[in-house]
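Q: quick one, fold the following:
(chains A and B)
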Amino acid sequence: MSENVALNFVDRLVYEDKENRNIDKVVTRFPPEPNGYLHIGSAYAINISYGIAKKYGGQFNLRFDDTNPMKEDMEYVHAIIEDMAWLGCDYGKEPFFGSDYSKQIFDYATFLIRQGKAYVCDLTMEEMRTYRGTLTESGKNSPYRDRSPEENLKLFEDMRLGLVDEGVRVLRAKIDMESPNLILRDPVIYRVLKEKHYRTGSEWCIYPMYDFAHPIQDYIEGVTHSLCSNEFINHRPLYDWVLDALDLKGVLPRQIEFGRLNLTGVVTSKRYLKQLVDSGILDGWDDPRLPTIKGLRRRGVTKEAIFDFVNEIGVPKTSTTVDYKMLEHFVRQDLKEKVMCLMMVQSPLKVVITNLEETEYVDVDNHFSNPEFGSRKLPFTKELYIEREDFCEQPSKKFKRLSPGEEVRLRSAYFIKCNEVIKDDQGEVVELRCTYDPATKSGSGFNERKPKGTIHWLSASDVTKCTVRLYEDLFLEEPSDDQLVESINMNSKKVYEDALVERSILKFIDQGEKRFQFIRNGYYVVDKELTTKELLVMNQIVSLKSNF
RNA sequence: UGGGUAGUCGCCAAGCGGUAAGGCACUGGACUUUGACUCCUGUAUGCGAAGGUUCGAAUCCUUCCUACCCAGCCA
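A: So this is what the prediction gives:
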């Protein structure tokens, strides 16, 4: 055994447990309910369980926790499988389904009944709430608590046969109505649900509750460490109670909880996500502003960046709210070495080089530091475009771009000097007349003057139009429960329909490149959904950092 | 007011009785044909608070304070 370098407290617990209980194969699992889409918080949870399994050479399962026919759907199963594949987490050949264990779980329930540890209860929901007591007052026993195993068996069978209506009777574990932990006050472990299940159809009309099903599912799969988020910490005694009451043999699973991950500027709960998508303000589950895996993917975030990010966060014991900037950092970090650098202008401003007649081709590096990316030729012509924001008629002293009478370098080309500003009737600048200095050619070593700055540009003869979409935080402040939709930052999406990008991008896209750095603008990805033969649509993945 | 979990820089987070790692963000500077990248630089005499034990405490003890979770026939 190699020396254990504990990554976090979960790792440490697993390591000790592995030694103490002589576990030779660590098995973990990720158990999503197929009632929504995976998101960054899921990736974080997956990474913890997957990471542990991988570290100990064990096994990692994907299991659909589908014991509630009211909420689950095959659509989500497919979506989750697709996202898992994209994330590249290997969970063996096939995913598992909790619903495949229906019969076994049912048999365990009858075992419990025979042991006198579970009973059928006729209390209504309201009555049960009353009997349960409160946080400070203990509960009292159900009048049905002492039914005989025989009677319970019969009643439970009636439930299974569909002879009992929903809400009329449930199966409860007989634990302790006086427990200070409300979870242990005779929890319901089976209820009647006559809804069609998306996989088992109407084969069953009773379904186990999470607290009963989960430990059994874990046990059946040989899961040794059932890692889940903090909200289940109060459930652990019940998890252990079930395992113990069932008198199971072999290595029993152990539940360990970790803190949830929250990100500033976004929400991750399925309920909120659904509300947002349903509001119609977003463009669906894969809206690039959403922290869903599909959204992040469409946004252009790489899985490498996601995993670097969640790994850096570690495994906290309490829930945390991490600054979104940290994710952005890892996105830039990942992309900067991977993608080529092209030039794009979001809001073009025409520039005419008055002293240039003949087109000249200049050599432009495809990457800011890595020569392996090669270079390309770009035409330097009389008519150019620059970024509207790179010109200012009355600049402040700190402005390091183009202004009247000042000189800047066009990247990889020449210095240009602005001599004349042409405006339309409204007084808006529509064109700049500039001269270039042939002596200042890029690479010539010219250093007699320093330009104000270096800006990017495009030749009017060598552009292709594209739509560029920029994103900001979906929420500027933590939204409250009832103000979720109202709290949406309506400026979170900005669309530039008149953006121009150098034509060479089309060639690179054909060669399979989807992500680029647009110099001085940021990292962008081709939007697969919106891009057509006629129209190129790009999403900004993340901007470049800027001190300006 | 019951039970549970947790409090280390603005945000994450190491630390596990020997004198406060690291990352993000931010500062200042160097470099620069991306105001990028990179590289330096600075940033908790302080670890929720107060006591105590100890030669020595973020680490052990006591009390207190704060936050989060639990009263679904959801997961």
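Q: who's A:Y361 bridged to?
A: Applying DSSP bridges to A:Y361 gives these bridge partners: A:P379.
Q: what is the neighbour count of it?
A: A count of neighbours around A:Y361, defined by other Cβ atoms under 10 Å, yields 13. For every residue, glycine as well, the C-beta is placed using N, CA and C.
Q: now swap in A:K533 and tell me
A: By the other Cβ under 10 Å criterion, the neighbourhood of A:K533 contains 5 residues.
Q: where does it sit, in terms of helix or strand?
A: Secondary structure assignment for A:K533, by DSSP states H and E: no helix or strand.
Q: equivalent analysis for A:R469, please.
A: When elements are defined using DSSP H and E, A:R469 is found to belong to strand A:463-471.
Q: repeat that for A:K18.
A: helix A:9-20.
Q: pull the distance from that helix to the chain's centre.
A: The chain centre lies 28 Å from the centre of helix A:9-20; the measure is Cα atoms, centre = their mean, to the nearest Å.
Q: what's in contact with it?
A: A:4, A:6, A:23, A:26, A:48, A:52, A:55-56, A:224-225, A:227, A:254, A:256, A:258, A:315, A:317 (Cβ atoms under 8 Å, 6 or more residues apart in numbering).
Q: could you identify the most distant pair in those residues?
A: With distance counted by Cβ to Cβ, no two of the contacts of helix A:9-20 lie farther apart than A:I23 and A:K317, which are 22.8 Å apart.
Q: the two: which is more packed in?
A: More crowded of A:I23 and A:K317, by other Cβ under 10 Å: A:I23, with 17 against 13.
Q: which residues are in contact with the closest residue to A:V301 other than its chain neighbours?
A: Of all residues beyond its chain neighbours, the one nearest A:V301 is A:V331 (5.6 Å), with distances taken as Cβ to Cβ, 6 or more residues apart in numbering. Neighbour list for A:V331: A:301-302, A:305, A:523, A:541-542 [criterion: Cβ under 8 Å, 6+ apart].
Q: ok, A:F212 next?
A: Counting by Cβ under 8 Å, 6+ apart, A:F212 makes contact with A:105, A:109, A:173, A:187, A:189-190, A:242.
Q: out of those residues, which is nearest to A:E137?
A: The shortest gap between A:E137 and any of those belongs to A:P187, at 17.7 Å (Cβ to Cβ).
Q: the closest one and RNA strand B: what is the separation?
A: Plainly put, A:P187 is 6 Å away from RNA strand B if you go by Cβ to the nearest atom of the strand, to the nearest Å.
Q: for A:T224, what are its contacts?
A: Remark: with contacts taken as Cβ under 8 Å, 6+ apart, A:T224 is in contact with A:17-18, A:23, A:25-28, A:58, A:251, A:253-254.
Q: quick one, which of the residues you listed are buried?
A: A:17-18, A:23, A:26-28, A:58, A:251, A:253-254 (16 or more other Cβ atoms under 10 Å).
Q: that older thread, of the contacts of A:T224, closest to A:T467?
A: Distances from A:T467 to the contacts of A:T224, taken by Cβ to Cβ, are shortest for A:T28, at 43.2 Å.
Q: and the strands in the stretch 251-400 of chain A, which stretches?
A: Counting by DSSP state E, counting those that start in this stretch, one finds strands in the stretch 251-400 of chain A at the ranges A:254-258, A:261-263, A:320-322, A:340-342, A:344-345, A:348-353, A:360-365, A:375-380, A:383-387.
Q: so which bits of the third one are buried?
A: In this case it means strand A:320-322. Using 16+ other Cβ under 10 Å as the test for burial, strand A:320-322 gives A:V322.
Q: what about it, near RNA strand B?
A: Yes. Counting by Cβ under 7 Å from any atom of the strand, RNA strand B is contacted by strand A:320-322 at A:320-322.
Q: turn those residues into JSON lines, including distance to A:E157 and pLDDT.
A: Below are these laid out as JSON lines (distance: Cβ to Cβ, whole Å; pLDDT from 0 to 100):
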{"residue": "A:T320", "distance to A:E157": "47", "pLDDT": "94"}
{"residue": "A:T321", "distance to A:E157": "49", "pLDDT": "95"}
{"residue": "A:V322", "distance to A:E157": "50", "pLDDT": "96"}
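Q: can you spell out which helices and strands pack onto the longest helix along chain A?
A: Identified as the longest helix of chain A according to DSSP state H is helix A:40-55. Contact partners of helix A:40-55 among helices and strands, from 3 or more Cβ pairs under 8 Å, 6 or more residues apart in numbering; DSSP states H and E: helix A:9-20, strand A:27-30, strand A:59-64, helix A:74-87, strand A:225-229, strand A:261-263, helix A:293-299, helix A:303-313.
Q: the same query, at a cut-off of 6 Å, please.
A: With contacts defined as 3 or more Cβ pairs under 6 Å, 6 or more residues apart in numbering; DSSP states H and E, the packing partners of helix A:40-55 are strand A:27-30, strand A:59-64, helix A:303-313.
Q: the nearest residue to A:L193 once chain neighbours are set aside and A:K194, how far apart?
A: Leaving aside its chain neighbours, A:L193 sits nearest to A:Y207 (5.1 Å; criterion: Cβ to Cβ, 6+ apart). For A:Y207, the distance to A:K194 under the criterion Cβ to Cβ, to the nearest Å works out to 10 Å.
Q: and those two? Which one has more around it.
A: Looking at A:Y207 and A:K194 with other Cβ under 10 Å, you find the greater number of neighbours at A:Y207, namely 24 against 13.
Q: which element follows the particular helix or strand that has the more buried one in it toward the C-terminus?
A: Assigned by DSSP H and E, A:Y207 belongs to strand A:206-208. With elements assigned by DSSP H and E, the helix or strand that comes after strand A:206-208 is helix A:210-220.
Q: that following helix close to RNA strand B?
A: Yes. Using Cβ under 7 Å from any atom of the strand, helix A:210-220 reaches RNA strand B at A:210-211.
Q: what angle separates that helix from strand A:254-258?
A: Angle of helix A:210-220 versus strand A:254-258, following axes from the mean of the first three to the mean of the last three Cα atoms, to 10 degrees, is 120 degrees.
Q: tell me which residues of helix A:210-220 are tucked away?
A: When neighbours are counted by 16+ other Cβ under 10 Å, the buried residues of helix A:210-220 are found to be A:210-220.
Q: picking that back up, now the element after the strand holding A:R469, going C-ward?
A: Going down the chain from strand A:463-471, the next helix or strand is strand A:493-502, by DSSP H and E.
Q: now find how far off-centre the helix or strand just after that following strand is within its chain.
A: Tracing the chain past strand A:493-502, the next element assigned as helix or strand by DSSP H and E is helix A:504-510. Its chain's C-alpha centre lies 28 Å from the corresponding centre of helix A:504-510 when counted by Cα atoms, centre = their mean.
Q: after helix A:504-510, which helix or strand is next?
A: Sequence order places strand A:515-518 as the next helix or strand after helix A:504-510, per DSSP H and E.
Q: partner strands of that following strand, with direction?
A: Taking DSSP bridges as the criterion, strand A:515-518 forms sheet pairs with strand A:340-342 (parallel), strand A:522-526 (antiparallel).
Q: over to A:S142. Which of the three states is it?
A: With DSSP: H, G, I helix; E, B strand; the rest coil as the basis, the three-state label of A:S142 is coil.
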